[in-house]
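S.K.: could you work out the structure for the sequence below:
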Amino acid sequence: MSVFKELLKNVRNIGIMAHIDAGKTTTTERILFYTGRVHKMGEVHDGSTTMDWMEQEKERGITITSAATTCYWNNHRINIIDTPGHVDFTAEVERSLRVLDGAIAIFCGVGGVEPQSETVWRQADKYFIPRIAFVNKMDRAGADFFNVLTMVKERLKVKPVPVNLPIGSGEVFTGIIDLINFKSVIYDSNALGQKYYIGDVPDDLKDIAEEYRKNLLEEVANFDDVLFAKYLSGDVIEPEEIIKAIRVGTLQNEIVPVLCGSAFKNKGVQPLLDAVLNFLPSPIDILSVQGVNLKGTAIQRKASPEEPASALIFKIMTDPHVGRLSFIRVYSGVIKKGSLIFNSSIEKKERVGRLLLLHANKREDREELAAGEIGALVGLKHSFTGHTLCDSKNPIILESMDFPEPVISITVEPKSKADSDNLAISLEKLAYEDPTFRISQDEETGQIIISGMGELHLEILVDRLQREFRIRAHVGKPQVSYRETVESEATGEGRFDRQTGSKTQYAVVRLTVAPDGTAEHGVVIQNDIPKMSIPKEFLPAIERGVQNSVKSGVVAGYPLHKIRVRLIDGEYRESDSTVMAFEVAASMALEDALYKADPAILEPIMALEVSVPDAYLGDVISDLNARRSNIISMDKRNDINIVDAMIPLRESFGYATDLRSLSQGRAVFTMRFSSYEYCDKKIQREIIEKARGFIPKFLQN
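M.R.: Sure thing, here's the model as predicted:
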C-alpha cells in the first residue's frame with residue numbers, strides 16, 4: 001500500500017484550458033518535446049502537431065476534440081488532456097475537467113482574459129479544480145504580463161500570485177525572473193529552448209523583482225506557520241519552504257500561481273512543468289470520490305488499489321481500427337483486461353476486451369489500469385458518457401455530467417438508398433461520442449434534423465459524415481432551436497372519460513402554469529395535489545404525463561422553457577381510474593393551461609465579443625444594430641476596441657464572413673450561448689407561420 005501511495009504521489013492528471021488561439025496545443029507540443037515524448041516539435045500553423053490529429057483540426061488550426069497523452073518529467077508521470085478553446089466544443093472541456101485533478105489555464109499576453117477563458121474558468125470552479133496560470137505569447141508586440149494579472153484578478157475574482165516575471169516583452173522577450181530562487185533564466189534562441197543560462201536578476205529589474213517577491217512571500221506565508229514566523233523575523237527563507245506554502249494555497253484554491261513565457265519561441269515551458277509537479281495535486285491529494293449505492297445512500301472511495309473498483313466514463317470515441325473506445329478515469333481499485341465490470345448507471349455487466357493508454361491517436365496496451373490512471377477500454381457495448389463502472393459486489397454511482405442543450409439545427413438528406421442506410425448508423429456513432437449532438441426527425445417531411453452548439457460544431461459533424469463515414473448527403477441551411485413559454489399564469493383541466501372495450505377509463509387533473517425565470521433548464525414541476533384527492537400510486541403517472549408533454553408546446557411545437565407547472569387537484573373513481581388515464585389527463589390539462597396563459601416563443605441569445613481596430617468600429621457597430629443586437633459595453637485594449645453585445649442566434653448566421661468583409665479581415669469575434677429571451681412579436685408570427693403554415697386563431701389578436 002505504501003509503495004503504491006508513493007507511486008501515486010508522483011502522478012499528475014491535468015488539463016490545459018484556454019480561450020481559442022491562446023496557445024494550448026503549442027504549449028502541449030513543447031511539453032511533449034521537453035519530456036522526450038516526441039522528438040520533433042509540431043506546429044499548429046502547418047498542421048503537424050501531435051495532439052491536433054484530426055484532419056479537420058489540421059486544416060483549421062484549432063482543437064476540436066480533447067486529446068489525452070502521458071509523459072514523464074523528473075520521475076513524475078503527467079497525464080495531460082489538451083482541451084478545445086472554441087465555445088462550440090465546450091462539452092469537451094466540461095467532461096475533461098470532470099475527471100482531472102488540476103489544470104493549466106493559458107492566457108494570451110496580449111488578449112489577456114478573453115470570453116472563453118472566463119467560461120472554462122467557471123467550469124473548473126464547478127469541480128473545485130486547483131489551477132496554475134501561464135501567460136503565453138510574451139514574444140508578441142503589445143504583450144503585457146502585468147495587465148493580464150490585473151484582468152485575472154478583476155474578471156475571474158481570484159488571487160493571482162506571480163512566481164516568475166518576464167524579462168522584456170515582444171521582440172526583446174529573452175527570459176524570465178524566477179521569484180522563488182530569485183534568479184534570472186535567459187534562453188538561447190538557437191537551441192529550441194533546451195539551452196538556458198541561470199544568473200543574477202538584471203539590475204534594471206531588481207526593484208520590481210524584489211517588490212513581487214515580497215508580495216509572493218506575504219501571500220504564501222498565510223499557508224505555513226514556520227514560513228510566517230521566518231518572514232516576520234526576517235530570517236532566510238529557503239525555496240523549498242516557499243514551494244511547499246504555494247502548493248498548500250493552490251490545493252485550497254486560495255491562490256493561483258502565475259508563470260509566463262512563449263511556447264512558440266520555446267521559452268518558459270520547463271518552469272511550467274516544474275510548477276505542475278510542485279503546485280498541482282496528485283490523486284492522493286484529492287478528497288475521496290463521492291457517490292451513492294444502488295439504494296441512494298452516500299458512500300465514498302479512496303484512491304487506493306485495495307478499495308473496490310470504481311471509474312467514470314467521460315468520453316466515447318469511435319475508432320476505425322478497434323471500434324468503440326470508452327475513455328475512463330479510475331478513481332479506486334484496479335480494472336483488469338478480460339474482466340467483467342459492472343455498469344451501475346444501467347445495472348449491466350460488461351466485458352473489458354482491451355485496456356489502453358493513449359497518446360493522441362496512438363495507443364499502448366495495458367494489462368490493468370489502477371486508481372489515479374486515465375485510459376480507455378475496448379469492448380463495452382451498453383456504456384456511455386457519464387456512466388459509472390465498478391465492482392458488482394460493491395456498486396457505486398458517481399456524479400455524472402450536465403451538458404447544455406443544442407441551439408442550432410440543420411437538415412441532412414441522404415442522396416441514395418445506400419447512403420440512407422449508412423447515415424442512421426453513422427449519426428448514431430457520432431451521437432455516442434458527443435453528448436451535445438442530437439438527432440431527430442421532422443414528423444411531416446420525414447427529414448433528419450441534427451442539432452448542435454453552433455455553426456462550426458455542425459460544420460465539423462457534417463464534414464466527418466462525408467470524410468470518415470463516406471456519406472453523400474444534401475445539407476440544409478442552419479435553423480434556430482427555439483423554445484416556448486407563457487407570459488401569464490393560467491389554470492387548466494384535463495378530463496379523460498372514455499370507454500375502451502368493456503372498461504371505462506376515468507381521470508381528472510387540474511394544474512396551473514406560470515412563467516418562471518429560475519427554471520433555466522426547462523420546466524419545474526411542483527406537486528401540490530392534496531393527499532386525499534388522488535391515491536399516491538397515480539401521482540408518478542401525472543408527472544410523467546406532464547414531462548412527456550413539455551417536449552412540444554402549443555404555439556409551434558418547440559420544447560417548453562422557463563415554466564413552472566403546479567399540480568393542484570384531481571378526481572378519480574376507484575373502479576375506473578388507471579395509470580394511463582391519469583397520464584393522458586395530465587397532458588390534456590397542460591395543453592388547456594398553455595392556451596390560456598399567453599404562449600410565446602423564446603429565441604437563443606448569444607454573448608458576442610468583437611475585437612475591432614478603430615478604422616472599422618463604426619461599420620461594425622452599424623452592422624450589429626441591424627442584426628437586432630444589444631450592445632452592452634465598449635472597451636479599449638491597446639489600439640483595439642472590444643465590443644460586448646447580445647445578439648439573437650438567428651441574426652448571427654454568416655457573421656464571420658460579413659465581419660471579415662467589413663474589417664478587411666482585421667476584426668475577430670467570439671460567441672457563446674447566453675440565455676433564451678422573448679422574441680419580438682413580428683418575428684414570433686414569422687416563426688409560427690413557418691412551423692405551422694398558418695397563424696392559429698388564439699394568436700391572431
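
S.K.: and the strands in the stretch 401-550 of the chain?
M.R.: Along the stretch 401-550 of the chain, counting by DSSP state E, counting those that start in this stretch, strands occupy 408-414, 438-441, 448-452, 473-475, 479-480, 483-486, 490-500, 503-515, 523-527.

S.K.: quick one: buried residues of the last one?
M.R.: For strand 523-527, the neighbour count (16 or more other Cβ atoms under 10 Å) marks 523, 525 as buried. (C-beta placed from N, C-alpha, C; glycine too.)

S.K.: packing partners of it?
M.R.: Under the contact criterion of 3 or more Cβ pairs under 8 Å, 6 or more residues apart in numbering; DSSP states H and E, strand 523-527 touches helix 539-549, strand 563-571.

S.K.: out of these, nearest to residue 263?
M.R.: Among the helices and strands packed on strand 523-527, strand 563-571 comes nearest to residue 263, with 48.0 Å by Cβ to Cβ.

S.K.: now the angle from the closest one to strand 503-515?
M.R.: Angle of strand 563-571 versus strand 503-515, following axes from the mean of the first three to the mean of the last three Cα atoms, to 10 degrees, is 150 degrees.

S.K.: quick one: strands adjacent to strand 563-571?
M.R.: Strands adjacent to strand 563-571 in the sheet, as given by DSSP bridges, are strand 503-515 (antiparallel), strand 523-527 (parallel).

S.K.: using a markdown table, lay out those together with mean pLDDT.
M.R.: Below are the strands paired with strand 563-571 laid out as a markdown table (pLDDT from 0 to 100):
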| stretch | mean pLDDT |
| --- | --- |
| strand 503-515 | 94 |
| strand 523-527 | 92 |
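
S.K.: mean neighbour count, those strands: which tops it?
M.R.: strand 503-515 (a mean of 22; mean count of other Cβ atoms under 10 Å).

S.K.: could you give the angle of that strand to helix 539-549?
M.R.: Using the same axes, to 10 degrees: strand 503-515 against helix 539-549 is 60 degrees.

S.K.: low-confidence ranges, this structure, go.
M.R.: 1-6, 39-67, 85-89, 360-361, 443-445, 519-521, 694-701 (pLDDT under 70).

S.K.: mind telling me what element the spatially most central residue of it is part of?
M.R.: Centroid-nearest residue in the chain: residue 94, 2.8 Å away (criterion: Cα atoms, centre = their mean). Under the criterion of DSSP states H and E, residue 94 resides in helix 90-99.

S.K.: CA atoms only: put that helix into CSV for me.
M.R.: What follows is helix 90-99 as a C-alpha-only set of coordinates in CSV (Å, rounded to 0.1, in the frame of the first residue of the first chain):
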residue,chain,number,x,y,z
THR,A,90,-17.4,23.5,-24.6
ALA,A,91,-18.7,20.0,-23.7
GLU,A,92,-15.3,18.6,-24.4
VAL,A,93,-13.9,20.9,-21.7
GLU,A,94,-16.6,20.0,-19.3
ARG,A,95,-16.2,16.3,-19.4
SER,A,96,-12.4,16.6,-19.3
LEU,A,97,-12.4,18.8,-16.2
ARG,A,98,-14.8,16.4,-14.5
VAL,A,99,-12.1,13.7,-14.3
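
S.K.: pretty sure residue 422 sits against residue 468.
M.R.: No - using Cβ atoms under 8 Å, residue 422 is not in contact with residue 468; the gap is 11.3 Å.

S.K.: what's the spacing between residue 429 and residue 526?
M.R.: Applying Cβ to Cβ, to the nearest Å, the value for residue 429 to residue 526 is 39 Å.

S.K.: ditto for residue 311
M.R.: From residue 311 to residue 526 the distance is 37 Å (Cβ to Cβ).

S.K.: re the thing from before, let's have the helices and strands packed on strand 523-527 in CSV, adding distance to residue 664.
M.R.: Shown next, in CSV, are the helices and strands packed on strand 523-527 (distance: least, Cβ to Cβ, whole Å):
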stretch, distance to residue 664
helix 539-549, 52
strand 563-571, 46
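
S.K.: who wins for proximity to residue 461 among those?
M.R.: It is, among the helices and strands packed on strand 523-527 and with distance given as Cβ to Cβ, helix 539-549, at 28.1 Å.

S.K.: not counting that closest one itself, show me its contacts.
M.R.: The contact list for helix 539-549 (Cβ atoms under 8 Å, 6 or more residues apart in numbering) reads 509, 511, 523, 525, 527, 529, 534, 565, 567, 570, 579-580, 582-587, 590-591.

S.K.: buried subset of the residues you listed?
M.R.: Counted by 16+ other Cβ under 10 Å, the contacts of helix 539-549 give 509, 511, 523, 525, 529, 534, 565, 567, 570, 582-587, 590 as buried.

S.K.: show me the longest strand that occurs in the chain.
M.R.: Determined from DSSP state E, the single longest strand within the chain is strand 599-613.

S.K.: got the angle for that one vs strand 408-414?
M.R.: Going by the same axes, to 10 degrees, strand 599-613 makes 100 degrees with strand 408-414.

S.K.: list the buried ones in strand 599-613?
M.R.: Quick answer for strand 599-613 (16+ other Cβ under 10 Å): 599-612.

S.K.: and if you look at stretch 124-140?
M.R.: 124, 129-140.

S.K.: quick one: the strands in the stretch 601-701 of the chain, in order.
M.R.: 630-637, 640-648, 668-678.

S.K.: now those strands as TSV including distance to residue 194?
M.R.: Converted to TSV, the strands of the stretch 601-701 of the chain look like this (distance: least, Cβ to Cβ, whole Å):
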stretch	distance to residue 194
strand 630-637	34
strand 640-648	35
strand 668-678	34
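
S.K.: using TSV, please lay out those strands together with mean neighbour count and distance to residue 335.
M.R.: Formatted as TSV, the strands of the stretch 601-701 of the chain follow (neighbours: other Cβ atoms under 10 Å; distance: least, Cβ to Cβ, whole Å):
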stretch	mean neighbour count	distance to residue 335
strand 630-637	12	49
strand 640-648	19	47
strand 668-678	18	36
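
S.K.: which among those strands is found nearest to residue 306?
M.R.: strand 668-678 (43.9 Å).

S.K.: so the closest one versus strand 599-613, what angle?
M.R.: Going by the same axes, to 10 degrees, strand 668-678 makes 160 degrees with strand 599-613.

S.K.: picking up where we left off before, tabulate the buried residues of stretch 124-140 (JSON lines), appending secondary structure.
M.R.: Below are the buried residues of stretch 124-140 laid out as JSON lines (DSSP: H, G, I helix; E, B strand; the rest coil):
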{"residue": "124", "secondary structure": "helix"}
{"residue": "129", "secondary structure": "coil"}
{"residue": "130", "secondary structure": "coil"}
{"residue": "131", "secondary structure": "strand"}
{"residue": "132", "secondary structure": "strand"}
{"residue": "133", "secondary structure": "strand"}
{"residue": "134", "secondary structure": "strand"}
{"residue": "135", "secondary structure": "strand"}
{"residue": "136", "secondary structure": "strand"}
{"residue": "137", "secondary structure": "coil"}
{"residue": "138", "secondary structure": "coil"}
{"residue": "139", "secondary structure": "coil"}
{"residue": "140", "secondary structure": "coil"}
